[in-house]
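Visitor: Sequence first, then the predicted structure:
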Amino acid sequence: ADPFLPFDSEQFDAVLCAVSVQYLQQPELVFKDIHRVLKPGGIAIISFSNRMFGSKAINAWTSRSEDERVDLVKNYFKSVNESKRVDFENIEAIIDRSPLPPVMANLISILFGFNVGGDPFYAVCATKDTKL
């Protein structure tokens, strides 16, 4: 698949990639192009959970723990920074591992015989350097 976005440079204040980063075949090129289409000071938000189609996700994703996946996405942003001409700033993660309500957790335990947690939410955000 083509890793380039069909938009002119510096067109967007924000770019959101929701629950699909694990399927990118050339993530570094996609992140570089996200940087290209963002206006200076624009924000990129990459969100994901612990769910995926294992047969479609890239090995770099499936072979990592949830915390390692957060680091992987941070590294995608940092890979753009290896070029002296482009930069993402303020790379940070938002993690919400809210547990299931006790009633739901107990019901699943009774019905299926195993304990589960909540559905975690992860987002890694970064802004495009305004000094470029």
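Guide: All right, it came through fine. Given the structure is predicted, the values throughout are model-derived calculations rather than measurements.

Visitor: residues contacting the closest residue to K128 other than its chain neighbours?
Guide: Nearest residue to K128 in three dimensions, chain neighbours excluded: L38, at 4.3 Å (Cβ to Cβ, 6 or more residues apart in numbering). Where you see a C-beta, it was placed from the backbone N, CA and C, and this is true even at glycine. Residues near L38 by Cβ atoms under 8 Å, 6 or more residues apart in numbering: E10, F12, D13, A14, V15, A44, K128.

Visitor: Next: I34.
Guide: L5, V15, C17, A44.

Visitor: what do you get for E89?
Guide: A126, T127, K128, D129.

Visitor: Does the residue of the chain positioned farthest from its centre lie in a helix or a strand, and which?
Guide: Within the chain, I110 marks the point farthest from the mean C-alpha position, 34.0 Å out by Cα atoms, centre = their mean. Assessed by DSSP states H and E, I110 sits inside helix 102-112.

Visitor: Can you point out the buried residues in that helix?
Guide: Within helix 102-112, no residue counts as buried by 16 or more other Cβ atoms under 10 Å.

Visitor: Tell me the helix or strand right after that helix.
Guide: strand 121-128.

Visitor: if we can go back for a sec, sort out which of the contacts of L38 are buried, if you could.
Guide: F12, V15, A44, K128.

Visitor: Specify the beta-bridge partners of the last one.
Guide: By that I understand K128. F88 (DSSP bridges).

Visitor: From K78, how far off is it?
Guide: Here the criterion is Cβ to Cβ, to the nearest Å. By it, K128 lies 14 Å from K78.
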